[in-house]
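Enquirer: Have a look at this fold, sequence not included:
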Ligand SMILES: [Zn+2]
């Protein structure tokens, strides 16, 4: 970030969310190494790190955070592989992740997947904060985003990790990741059924 750059990330009081990191943490604390969640493909090796990842997660208001995605660490290896597009991420603010042509695009949250140099590990999550969207912020969403913080993986790679498959998400909405987390007991709540269908 250049000196004088006023683009910023806006902290969010997690107590204002319908479901908080503390709620998810309380659930995770009930899970053992022999739970279905711990046996989720790919989750076993990092199961012991989930509580710490959720504890250190810091929520921000995605709608007004206009720091560029590169400096915010909101990018993955797939972004980095596309050199031209990757350079352009310095011009793309985090808040643009939530809009398409002036309307909310259905994105509930996005995460910092890259640790900012000198400030490891990644901790930040950006939420859509409109009143109408807040009910969609669930334990599964918070955990899904904590997994981005923890693994640095994109949705497609995270889906593969959690399902032990190599097929990626295809055209499906990323909330199928949240559905896997709920189905395996890693989080309590209902997925956004309207978004979890095939696109
Ligand atoms: Zn995701």
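Expert: Happy to help now that I have it. It should be emphasised that the depicted structure is a prediction, and the values quoted were computed from it without experimental measurement.
Enquirer: ok, how many other residues are close to residue 53?
Expert: Per other C-beta atoms under 10 Å, the neighbour tally for residue 53 reads 22. From N, CA and C alone the C-beta is placed, and that goes for glycine too.
Enquirer: Likewise for the one 10 residues further on?
Expert: Here the neighbour count serves as a burial measure; for residue 63 (other C-beta under 10 Å) it reads 20.
Enquirer: check contacts around it.
Expert: For residue 63, the contacting residues are 95, 98, 128, 129, 130, by C-beta atoms under 8 Å, 6 or more residues apart in numbering.
Enquirer: PyMOL command to pick out the buried ones of these?
Expert: To isolate in PyMOL the members of the contacts of residue 63 that are buried, counting by 16 or more other C-beta atoms under 10 Å, one can use:
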select buried, resi 95+98+128+129
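Enquirer: any idea of the mean pLDDT for the longest helix seen in the chain?
Expert: Ordering each helix of the chain by length in residues (DSSP state H) puts helix 139-151 first. Averaging pLDDT along helix 139-151 gives 96.
Enquirer: list the helices and strands that helix packs on?
Expert: Identification of packing neighbours for helix 139-151 by 3 or more C-beta pairs under 8 Å, 6 or more residues apart in numbering; DSSP states H and E yields helix 21-28, helix 50-56, strand 109-111, strand 124-127, helix 155-163, helix 175-183.
Enquirer: Return the most buried member of these.
Expert: Most buried of the helices and strands packed on helix 139-151, by mean neighbour count (mean count of other C-beta atoms under 10 Å): strand 124-127, with a mean of 27.
Enquirer: Which strands border that one, and is each parallel or antiparallel?
Expert: strand 58-61 (parallel), strand 109-111 (antiparallel) (DSSP bridges).
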